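J.: Have a look; sequence and predicted model below, questions after that.
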Amino acid sequence: MPEYPENQPSHAGGVVIRRQGGSIRYLLVTARDKPDEWVLPKGHIEPDESAEQTATREVLEESGIEAIIVDALEMIEFNTAGEQVRAQFFLMEAVSEGQAGEDRRRSWYGYEEAMEMLGFPQARLLIHQAHLLSKSRGHS
């Protein structure tokens with residue numbers, strides 16, 4: 001496991017949106033180890049990658065969605081399996097859809113549904129932040 005400098009992210013991921021009619025839908029994927037738990041796509045930053053590259057790669061690998069970065073969201077910190085994780089998230093917009101990857105399911109949810117589906121408060125905070133940014137950018 002590589003060491004990451006203080007305050008630098010060890011992981012990166014995306015809150016991916018797509019416009020559907022007049023509303024915004026949010027991408028969630030099932031967790032690798034818990035197929036009934038919905039999460040935001042994210043993963044380890046490889047030594048030769050930026051956080052932005054990792055977010056784009058992980059979204060594609062986990063969901064089959066190709067997305068572009070629109071803006072930076074917050075970096076969140078949490079412990080999982082004894083590992084301290086610092087994950088930089090980005091607001092991303094879907095540009096194309098392929099098959100979901102890594103034995104995961106994906107689904108698109110409205111704001112309220114996404115908030116209900118996510119079990120982690122920090123993930124809900126990211127959806128809320130993405131929702132506010134999307135609205136301010138005219139993406140209702």
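T.: Ah, there it is. Numbering: from 1, shown residues only.

J.: Identify the residues contacting residue 12.
T.: 42, 43, 45, 51, 52, 54, 55, 58, 87, 88, 89, 90 (Cβ atoms under 8 Å, 6 or more residues apart in numbering). No exception for glycine: its C-beta is placed from N, CA and C like everyone else's.

J.: so how far is residue 136 from the first one?
T.: Read it as residue 42. 24 Å (Cβ to Cβ, to the nearest Å).

J.: With neighbour numbers in mind, choose between the two.
T.: residue 42 (23 against 9; other Cβ atoms under 10 Å).

J.: Isn't the more buried one up against residue 11?
T.: Yes: using Cβ atoms under 8 Å, residue 42 is in contact with residue 11, at 5.3 Å.

J.: Now do residue 126: how many residues are near it, please.
T.: 25.

J.: what's the helix or strand for it?
T.: Here residue 126, judged by DSSP states H and E, is contained in helix 121-136.

J.: what's the overlap in contacts for residue 42 and residue 11?
T.: residue 87.

J.: Export the contacts of residue 12 as a markdown table, with columns for pLDDT.
T.: As requested, the contacts of residue 12 are exported to a markdown table (pLDDT from 0 to 100):
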| residue | pLDDT |
| --- | --- |
| 42 | 95 |
| 43 | 93 |
| 45 | 96 |
| 51 | 96 |
| 52 | 97 |
| 54 | 97 |
| 55 | 97 |
| 58 | 96 |
| 87 | 94 |
| 88 | 96 |
| 89 | 96 |
| 90 | 97 |
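
J.: what residue ranges in the protein are flagged as low confidence?
T.: 1-6, 101-102, 138-140 (pLDDT under 70).

J.: Kindly recompute the last result at 90.
T.: 1-8, 19-23, 32-35, 74, 77-85, 97-104, 120, 134-140 (pLDDT under 90).

J.: Can you show me the helices along it?
T.: Counting by DSSP state H, the chain has helices at residues 51-63, 111-117, 121-136.
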